[in-house]
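Q: whatever this is, show me its structure:
(2 chains)
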There are 2 protein chains.
Amino acid sequence: MVDKRDGRVGLVIVNTGSGKGKTTASLGLMLRAWGQGMKTVMLQFIKTKTSNYGENKAARKLGVEMVPLGAGFTWLSRDIEKDKALAREGWDAAKQRLCSEEYDLVILDELTYTMKYGWLSVEEVLEALRRRPSWQHVVITGRDAPPELIEYADLVTEMKEIKHPYKSGVKAQPGVEF
Amino acid sequence: MVDKRDGRVGLVIVNTGSGKGKTTASLGLMLRAWGQGMKTVMLQFIKTKTSNYGENKAARKLGVEMVPLGAGFTWLSRDIEKDKALAREGWDAAKQRLCSEEYDLVILDELTYTMKYGWLSVEEVLEALRRRPSWQHVVITGRDAPPELIEYADLVTEMKEIKHPYKSGVKAQPGVEF
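A: Sure thing, here's the model as predicted:
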């Protein structure tokens, strides 16, 4: 039997930098993949479990699996052990998807922060990427992607902020920012 | 009657730079807006009229209007007058949407090239942006966004290429690149 995925080269794509568009571009990839009939899962490492943003509503309507794992944990919590446990739990959920033959595209939204704060080692992440099916695409987003991850990735884009509306006093707008 | 759009501040968002993710991030915004029940149109200034990329398939499935206007015209054609006429025709279609109260989000994909090649003046584009409904969001993508447009925009992100798979000999992959 010929697998339609034979010959496909799974890419590791990293969207990093301090500008807007890292998560948004990963949503665009999700939409393209959906258009091509590919199966996607998006794991959100920072978004709270009760998220109801435009992207969560859209994913539900599309039938795309979107898993909010966090509790807004990075900058809010004062309980570091709890943060670590949450990151660990999220990473276990991610590893299950990465080693599954079910998914064509796995999006690990804001995963970089778990490495930045030392809750996960970069080596552990690279190990899971190396072991995934060869045709599986992975997108990792977040500021401060570690150099070892950039080294391993196939496509890395830095989103650089040139101008931001909050600075001119405009509130976040539904449908655009969330 | 209260318009649900009252109080919303329409943003002009520019995704520029030579890296990946400019169009892709605009697709992410389209998806978010769709999730929020907002009405979007995407005009593609460069994509050929016969485009059948993942994003075109997805838009059809979502019921989002996506209009390929170009003929891949920028770097392929040798007939400059024909290019100009196509750009003009595309711009007329765009202006209709920009002055319409129907759309919450208007995406002008790769519009910058029409200005770069001198087929449209920046002033003409700014004029249409100024006249649009105050709550309408607009996204403009493409390399080399002109300084006057950056000055006028609310949110500008530069997508900067850090690493690209074509350089290591990997072909464009369906669902990711198109």
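Q: for chain A, which segments count as strands?
A: Shown for chain A, the strands assigned by DSSP state E span residues A:12-16, A:40-48, A:65-70, A:105-109, A:137-141, A:155-163.
Q: tell me which of the ones you listed sits nearest to chain B.
A: Between chain B and the strands of chain A, the shortest separation by C-beta to the nearest C-beta is 3.8 Å, and it involves strand A:155-163. Every C-beta, even on glycine, is put in place using the N, C-alpha and C of the backbone.
Q: the closest one pairs with which strands?
A: strand A:12-16 (parallel), strand B:155-163 (antiparallel) (DSSP bridges).
Q: the shortest one to strand A:105-109, inter-axis angle?
A: By that I understand strand A:12-16. In terms of direction (axes from the mean of the first three to the mean of the last three C-alpha atoms, to 10 degrees), strand A:12-16 departs from strand A:105-109 by 30 degrees.
Q: list the contacts of strand A:12-16.
A: A:21-23, A:25-26, A:29, A:112, A:129, A:137-145, A:149-150, A:152-159, B:21, B:162, B:176 (C-beta atoms under 8 Å, 6 or more residues apart in numbering or on different chains).
Q: go again using 7 Å as the cut-off
A: A:22, A:25-26, A:112, A:129, A:137-145, A:149-150, A:152-159, B:21 (C-beta atoms under 7 Å, 6 or more residues apart in numbering or on different chains).
Q: just how off-centre is it within its chain?
A: Remark: strand A:12-16 is offset 9 Å from the chain centroid, using C-alpha atoms, centre = their mean, to the nearest Å.
Q: got the angle for it vs strand A:137-141?
A: Going by the same axes, to 10 degrees, strand A:12-16 makes 20 degrees with strand A:137-141.
Q: hey, C-alpha coordinates of strand A:12-16 in PDB?
A: The C-alpha coordinates for strand A:12-16 follow below in PDB (Å, rounded to 0.1, in the frame of the first residue of the first chain):
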ATOM      1  CA  VAL A  12      10.200  21.900  11.500                       C
ATOM      2  CA  ILE A  13       9.100  25.500  11.300                       C
ATOM      3  CA  VAL A  14       9.900  28.000  14.100                       C
ATOM      4  CA  ASN A  15       8.200  31.400  14.400                       C
ATOM      5  CA  THR A  16      10.000  33.500  16.800                       C
END
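Q: mind listing what's buried in it?
A: Buried positions in strand A:12-16, judged by neighbour count with 16 or more other C-beta atoms under 10 Å in any protein chain shown: A:12-16.
Q: which stretches in chain A count as helices?
A: Ranges of helices in chain A, per DSSP state H, are A:22-35, A:54-62, A:73-76, A:80-98, A:112-116, A:122-131, A:147-152.
Q: check contacts around residue A:125.
A: So residue A:125 contacts A:115, A:149 (C-beta under 7 Å, 6+ apart).
Q: still on that earlier bit, which of the contacts of strand A:12-16 are buried?
A: By 16+ other C-beta under 10 Å, the contacts of strand A:12-16 give A:22, A:25-26, A:112, A:129, A:137-143, A:145, A:149, A:152-159, B:21 as buried.
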